[in-house]
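>>> coords please:
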Amino acid sequence: MKRAESLFRQQAQKLGFNPLVESYLIFVNPEFYLYNPPDNPSIIYPAQLNRFMKKLQNRSLKVSKLDIKLAEKLLALHINESPYSRLPEYKFEDLRKGILCFNCRRLYHNVEGRSLVCDYCGGKENNQIAILRTVREFQLLFPHEKLTTNKILTMCGGIYENRTVRKVLLDNFEKIRSRNHAFYVDKS
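A predicted model of the protein is given here:
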C-alpha cells in the first residue's frame, strides 16, 4: 500500500501535479477476521466500514479543474493490455483432449445416459453442462477459431456422438452455414 501510494505520488509529480494522497487498506468481506491486527489507522476492517463511509460522505470534497486534468492525464496513460502477460505457445493438436471432472480434475471416460461419471471420485455431471464447459474452454483458448461440431467432438476426447454435440451447439448457439460446412456463434 505504501509503495502504491509512493508510486502514485511520483507519477502525479511527473505529470506536474502535487495532490494530497491518502491511502487505505480496506477489507470488505464481512466474514473476514484478522487475528492480532496491527494498530494502523489506515487499515479499515469490515466492522469499521460503515463508520469510514460516513466519514467520507461528511467531508466536503469539491472536485477542482486540476483534479479533472489529473484524472484525464492518468486515463491517457492507461494500458489496456499488460506487457507482462506472456502466454506459452500452444496448438490445438498439441493439447490433451477430453473433459475434466469438475471435482477431481481427472478425465472422464464413460457416459451413463445423460451424465458423465468419473471413475476416480464418482462425480456426476450433466452431458450438456460438460459440453458447454468444453465449448467455453475452447473459446477461451482459441478465440479466433471457428466453433465447429468436429472441433468440439475432438476437444471432448471422442466420448460423445456427433449428434449429441450438434444438439447442444444448436440449442445454445446460432448456426452459420458456409458453402461446405457450418460453424456456430454466440446468440447475442
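
>>> ok now the one helix or strand in the chain whose mean pLDDT sits lowest, how far from the chain's centre?
Lowest on mean pLDDT, DSSP states H and E among the helices and strands of the chain sits strand 110-112, with a mean of 85. How far strand 110-112 lies from its chain's middle: 30 Å, per CA atoms, centre = their mean, to the nearest Å.

>>> list the buried ones in that strand?
Of all the residues in strand 110-112, those buried under the rule 16 or more other CB atoms under 10 Å are residue 111. C-betas here are computed from N, CA, C, even on glycine.

>>> What is that strand packed up against?
For strand 110-112, the contact count by 3 or more CB pairs under 8 Å, 6 or more residues apart in numbering; DSSP states H and E identifies strand 115-117 as packing neighbours.

>>> Pull up the pairing partners for the strand it packs on, direction included.
Strand 115-117 pairs in its sheet with strand 110-112 (antiparallel), strand 124-126 (antiparallel), by DSSP bridges.

>>> Name the SS class of the most centrally placed residue in the chain, please.
By CA atoms, centre = their mean, the chain has its centre lying nearest to residue 140, at 10.4 Å. Residue 140 carries the three-state label helix when classified by DSSP: H, G, I helix; E, B strand; the rest coil.
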